[in-house]
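Asks: got a predicted model here, sequence first, then my questions.
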Amino acid sequence: MSLPEIDRAPLRRRRWRAIGVQVACLVITVFMLLPMVLIGLTAVSSPAALLEFPRPFIPSGFSADTLLAFIQATGTIPALGNSLLAGVYTVLLSLLVGAPAGYALARYAFRGKDTYQVFMLLARALPIVVLSVPLATLFLNAGVYDTVFAVTLLHTTLAMPTTVLISASVFVSVPTDVEEAARVFGCSRFEAARRVVFPLAAPGLAAASIFTFVLSWNEILGAAVITLGHRTLPAQVLASLGEAPQTYRFAGGFALILPALVFIFVMRRYLVNMWGTTLR
């Protein structure tokens with residue numbers, strides 16, 4: 001008695017589907033990585049290599065003169081410090097306000113909960129100019145215009161919706177049983193959240209800080225509107241593009257990319273924890 005022939009078509013479709021996903025991931029990775037590689041290679045090219053035509057993919061000469069000229073340019077170091085301070089302060093303030101709000105969304109059911117979450121996203125739906133101009137007027141009247149504090153408030157406003165929603169998804173992944181067990185052993189709700197829930201959610205909150213820091217670091221238009229003498233690095237590079245040489249532009253682009261990449265590299269192991277998954 002002969003056995004029926006095995007239908008291998010589903011296996012072949014699954015194999016081709018997996019190959020298609022891998023090829024798509026590879027194409028997207030190359031598409032996103034290629035501009036950063038080109039900017040990095042150009043930033044470390046010698047001045048003579050930048051003038052070559054046609055320019056080869058790999059520069060004929062490497063030199064740190066381009067980066068040194070950018071670093072030594074007027075206002076670069078103060079702007080770098082302002083960007084770092086604004087990014088760190090934005091992360092701290094966003095987590096200080098957004099994490100408790102996310103906890104409330106994850107643990108409590110109240111009327112208008114869904115409407116509240118949609119309403120928070122309206123801050124990201126508005127163009128940055130719509131927020132920057134009224135905030136600039138407000139900061140002028142309050143005496144905080146052209147300060148790192150003003151940039152921090154603007155960036156926190158932009159980062160708050162994603163921080164709250166990501167924090168809520170992180171707290172949802174923390175079982176309520178451990179919190180209830182802590183309350184059984186004598187903890188109040190606040191102590192249970194502080195001693196049990198927040199430590200378990202810390203990796204996910206660290207992942208959420210990645211998006212907050214990168215958003216603050218890359219934001220340029222709002223910082224250019226509300227600052228003048230204490231600009232962040234992106235705003236400083238934007239203000240100098242008109243009269244800056246080509247070497248300054250390439251070095252500035254590389255300087256804008258590098259810190260965000262370093263921050264993501266350090267925090268990468270926590271990146272998927274916001275969806276309740278641990279990356280080992």
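Replies: Here it is on my side, so go on.

Asks: C-alpha from now on. contacts and neighbour counts both.
Replies: Noted.

Asks: which element follows the helix or strand where residue 104 lies toward the C-terminus?
Replies: Element membership for residue 104 (DSSP states H and E) is helix 76-107. Sequence order places helix 113-125 as the next helix or strand after helix 76-107, per DSSP H and E.

Asks: for that following helix, buried residues please.
Replies: 120, 123-124 (16 or more other C-alpha atoms under 10 Å).

Asks: for that helix, packing partners?
Replies: Helix 113-125 is packed against helix 148-172, with contacts defined by 3 or more C-alpha pairs under 8 Å, 6 or more residues apart in numbering; DSSP states H and E.

Asks: what does the average pLDDT come to for the helix it packs on?
Replies: Mean per-residue pLDDT for helix 148-172: 87.

Asks: now stretch 17-28
Replies: Here the average pLDDT along stretch 17-28 is 91.

Asks: list the contacts of that stretch.
Replies: If you take C-alpha atoms under 8 Å, 6 or more residues apart in numbering as the criterion, stretch 17-28 is touched by no other residue.

Asks: how far away from the center of its chain is it?
Replies: Mean-position distance between stretch 17-28 and its chain equals 25 Å (C-alpha atoms, centre = their mean, to the nearest Å).

Asks: might you list the low-confidence residue ranges for this protein?
Replies: Within the chain, the ranges that satisfy pLDDT under 70 run 1-4, 7, 50, 242, 267-280.

Asks: pull the longest helix from it.
Replies: With secondary structure taken from DSSP state H, the chain has its longest helix at helix 9-43.

Asks: got the buried residues for that one?
Replies: Neighbour-count burial for helix 9-43 flags 36, 39-43 (criterion: 16+ other C-alpha under 10 Å).

Asks: now stretch 165-180, how far from the chain's geometric center?
Replies: Taking C-alpha atoms, centre = their mean, one finds the center of stretch 165-180 at 22 Å from the center of the full chain.

Asks: ok, stretch 19-35 next?
Replies: Counting by C-alpha atoms, centre = their mean, stretch 19-35 comes out at 21 Å from the chain centroid.

Asks: just stretch 224-236 next, same as before
Replies: 19 Å.

Asks: do the same with stretch 230-243
Replies: Mean C-alpha position of stretch 230-243 versus that of the full chain (C-alpha atoms, centre = their mean) differs by 20 Å.

Asks: show me which residues of that stretch are buried.
Replies: 230-238.

Asks: one more: stretch 70-78?
Replies: Those would be 70-71, 75-76, 78, for stretch 70-78 by 16+ other C-alpha under 10 Å.

Asks: CA atoms of that stretch as PDB?
Replies: The C-alpha atoms that make up stretch 70-78 are tabulated as PDB, following Å, rounded to 0.1, in the frame of the first residue of the first chain:
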ATOM      1  CA  PHE A  70      33.700  71.800  13.200                       C
ATOM      2  CA  ILE A  71      34.500  71.300  16.900                       C
ATOM      3  CA  GLN A  72      36.600  74.400  17.000                       C
ATOM      4  CA  ALA A  73      34.000  76.500  15.200                       C
ATOM      5  CA  THR A  74      32.400  79.300  17.300                       C
ATOM      6  CA  GLY A  75      29.400  78.000  19.300                       C
ATOM      7  CA  THR A  76      29.800  74.300  18.700                       C
ATOM      8  CA  ILE A  77      30.900  73.200  22.100                       C
ATOM      9  CA  PRO A  78      28.300  75.300  24.000                       C
END
